[in-house]
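S.K.: compute the structure for the input listed below.
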Amino acid sequence: MGKIVKAIIFGSNGQDGYYLSKILERENIEFICISRKGNAVHGDVSDYGFVERQIKEHQPSHIFHFAATSTTQHHALFENHQTICTGTLNILECVKLYCPSAKVFISGSAMQFKNNGLPIDEQTPFEGSSPYAVARIQSVYSARYYRDKFGLHAYVGYFFNHDSPLRTEQHVNQKIVKAVKRIYAGSTEKLELGNIDVKKEFNYAGDIVEAVWMLVNQNIVFEAIIGSGKAYSIKDWVEYCFNKLNKNWREYVIVRSDFAADYDVLVSNPKVIKSLGWKQKVNFHQLADVMMSDSNF
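M.R.: Below is the predicted model of the structure:
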């Protein structure tokens, strides 16, 4: 049996926390899940005293910061600042004080980069285009500060779009999947969508978190774009999901002409993470298949 060490997952209640927990179980690593809701230790990463107690008590070898409100909207300004920015500082300061050899993973986002429609890589400049992007950018600079000033093992993975059956209908891919299945079951509803010509990546969350695990288990690369580099349109997803159930999507979808998308194309250049040995295992069509069937890998 391998060595048992402790890991802490802040923001464990989402899909990333779920798939990471499966990896940690596979690796025989004892871990603690922390979230403000769900079946986990209840706590807030923005509460320094709480974070201090967890890190001081457990002396983890790995810490993962997944906590965030997944929206770029202005109404989440303060919540995202507290969770992402303050949470990152709380973790890093406590690691510096109590377990400086621990490896810390900070979630980044494709949405924090300047996007001109070309593939985004680690050299693409940041752009504070939303409160969410601003919070992500600040958390990255915090990680760099603690890495450069104090020698902490602070990693950043910039996530591009990734989904799984665990997504809520707040996310458009799951919204489409759930509506298609209700329509197949007899619903007469119309599915209202924004710009379906928008192109983005359709990655599987399990694959993305495998890249996280690969990143934190080496000491050469500390920041990496995590994505497939393959973009599809939302229309492609709609067509495939409806076709699986022998339905013509045009009979059920209403496209809003007044909808302004955040971008036209959002795609990665994953050269760095691939150089570490990571490969996408679940493609666009396989992801749709598993989400349509509600099964988990």
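
S.K.: tell me which residue is most central in the protein.
M.R.: Centroid-nearest residue in the chain, with C-alpha atoms, centre = their mean: residue 159, separated by 5.2 Å.

S.K.: ok, that one to residue 101 distance?
M.R.: Separation of residue 159 from residue 101 (C-beta to C-beta, to the nearest Å): 26 Å. For every residue, glycine as well, the C-beta is placed using N, CA and C.

S.K.: next, count neighbours for the closest residue to residue 74 other than its chain neighbours.
M.R.: Nearest-residue entry for residue 74: residue 131, 5.8 Å, with adjacent residues in sequence omitted and distances by C-beta to C-beta, 6 or more residues apart in numbering. Counted by other C-beta atoms under 10 Å, the residues lying close to residue 131 total 21.

S.K.: tell me the pLDDT at residue 131?
M.R.: For residue 131, the pLDDT comes out at 92.

S.K.: what's the first helix or strand after the helix or strand hosting residue 96?
M.R.: Here residue 96 sits within helix 87-98, counting by DSSP states H and E. Using DSSP H and E, the next helix or strand after helix 87-98 towards the C-terminus is strand 103-109.

S.K.: and after that following strand, which helix or strand comes next?
M.R.: Following strand 103-109 toward the C-terminus (DSSP H and E): helix 131-150.

S.K.: after that following helix, which helix or strand is next?
M.R.: Assignment by DSSP H and E places the next element after helix 131-150 at strand 153-159.

S.K.: that following strand versus helix 131-150: what angle between them?
M.R.: Relative orientation of strand 153-159 versus helix 131-150 (axes from the mean of the first three to the mean of the last three C-alpha atoms, to 10 degrees): 160 degrees.

S.K.: make residue 1 into 230 and carry on from there
M.R.: Sure, I'll start counting at 230 from here, so that last one is strand 382-388.

S.K.: strand partners of strand 382-388, parallel vs antiparallel please.
M.R.: Sheet partners assigned to strand 382-388 using DSSP bridges are listed as strand 332-338 (parallel), strand 452-455 (parallel).
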